[in-house]
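>>> this one's sequence-less:
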């Protein structure tokens, strides 16, 4: 199964990074050996596309790809049903002559296949390129899990731990050059919205379970990113009121009211105003 192996590989990558930062060469050698063993014992050597960080892995090991090669893999990961050569050319080589663009696509696909080295990573069927069935695209799994969490009334400890890990994963860490990919801009907005949604879910759960300081902390984080975030304002004000600090709650309310009036020429909704009555 890909999921347990991926989680183990992810934990090893984090541990290796910590050992490198701490210059702990002894631990680093053991961790790297464990990571190599994980890769060598992988039956399928699963390819993992991490759109969040802009990296591609085999068995937990990052694959060195050029920017164009990385763009090719991420484009395929974002288009589950594949892309034609023409669609690839328009995305990757928008300024190229159409014929030159199609030739460049063929060369890039060839290089990606050679670089990754796992059969059927990129398939060509019915005139379209697509990722193979065994390629793991993390973003698809995240959105599948979020559909479940959106309808969950109460989270258990496993859910809370998973949501907290996901929130940290969604903090933007992508290479700066990815921001120059015009076709990636909608995905960038999508990832930022996922971060907001996950943080809101955690904050609501914290408020519901009387972890008020955590709820207020997360609400402040959301409000710093978007001062017009109504959910963040409500969670923060509710949390502060339940701590018994009406003065700070009024300050938070007026801050939100000023922002929404200035930017949208609106007043806070009655549900927020009613909190202070």
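Noted; the coordinates are in hand. Everything quoted here is computed from the prediction, not taken from an experiment.

>>> This protein - how does it break down into domains?
1-43, 139-276 (automatic domain parsing).

>>> would you list those domains in JSON lines and tack on mean neighbour count?
No exception for glycine: its C-beta is placed from N, CA and C like everyone else's. What follows is the domains of the chain, written out as JSON lines (neighbours: other CB atoms under 10 Å):
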{"stretch": "domain 1-43", "mean neighbour count": "14"}
{"stretch": "domain 139-276", "mean neighbour count": "15"}
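
>>> Ok, which of those domains comes nearest residue 110?
domain 139-276 (21.0 Å; CB to CB).

>>> quick check: mean pLDDT across the closest one?
What domain 139-276 shows for mean pLDDT is 92.

>>> what's the span of that domain, first residue to last?
40 Å (CA to CA, to the nearest Å).

>>> Looking at the domains of the chain, spot the one closest to residue 54.
With CB to CB, the closest approach to residue 54 among those belongs to domain 139-276: 4.5 Å.

>>> what about the closest residue to residue 145 other than its chain neighbours, distance to residue 174?
With CB to CB, 6 or more residues apart in numbering as the criterion, residue 145 has its nearest non-adjacent residue at 7.4 Å, and that residue is residue 162. To residue 174, residue 162 is 22 Å away according to CB to CB, to the nearest Å.

>>> Please apply the same query to residue 24.
Residue 24 is 28 Å from residue 174, by CB to CB.

>>> Going along the chain, name the helices of the stretch 151-277 of the chain.
In chain order, the stretch 151-277 of the chain shows helices spanning 157-170, 185-208, 212-225, 230-242, 246-264, 270-273, with DSSP state H, counting those that start in this stretch as the criterion.

>>> my guess is residue 220 meets residue 235, correct?
No - when contacts are counted by CB atoms under 8 Å, residue 220 is not listed as touching residue 235 (9.6 Å).

>>> thinking residue 140 is in contact with residue 80, fair?
Yes - counting by CB under 8 Å, residue 140 touches residue 80, with 7.3 Å between them.

>>> Apart from its neighbours in sequence, what residue is nearest residue 54?
That would be residue 174: by CB to CB, 6+ apart, it lies 4.5 Å from residue 54.

>>> Please report phi then psi for the one you found.
The phi and psi values for residue 174, taken as degrees, to the nearest 10, are phi -70, psi 150.

>>> need the contact list for it.
Residue 174 is in contact with 52, 53, 54, 188, counting by CB atoms under 8 Å, 6 or more residues apart in numbering.

>>> buried subset of those?
Buried members of the contacts of residue 174, counted by 16 or more other CB atoms under 10 Å: 52, 54.

>>> so of the contacts of residue 174, which ones are in helices?
residue 188 (DSSP state H).

>>> quick check, nearest of the contacts of residue 174 to residue 146?
Of all these, residue 146 sits closest to residue 52, with 13.6 Å by CB to CB.

>>> any idea how far residue 262 is from the closest one?
Taking CB to CB, one finds residue 52 at 33 Å from residue 262.

>>> Strands of the stretch 51-200 of the chain, start to end?
55-58, 61-62, 122-125, 128-131, 136-137 (DSSP state E, counting those that start in this stretch).

>>> so what's the closest residue to residue 250 other than its chain neighbours up against?
Spatial nearest neighbour of residue 250, chain neighbours left out: residue 276 (6.4 Å); criterion: CB to CB, 6+ apart. Counting by CB under 8 Å, 6+ apart, residue 276 touches 237, 241, 246, 249, 250, 253.

>>> Tell me, how many residues neighbour the nearest residue to residue 55 once chain neighbours are set aside?
Nearest in space to residue 55, with sequence neighbours left out and distances taken as CB to CB, 6+ apart, is residue 62 at 5.3 Å. Counted with other CB atoms under 10 Å, residues neighbouring residue 62 total 13.

>>> Next: the one 3 residues further on.
Look at residue 65: counted by other CB under 10 Å, it has 19 neighbours.

>>> try residue 137
Residues near residue 137, counting by other CB under 10 Å: 19.

>>> Specify the beta-bridge partners of it.
residue 49 (DSSP bridges).
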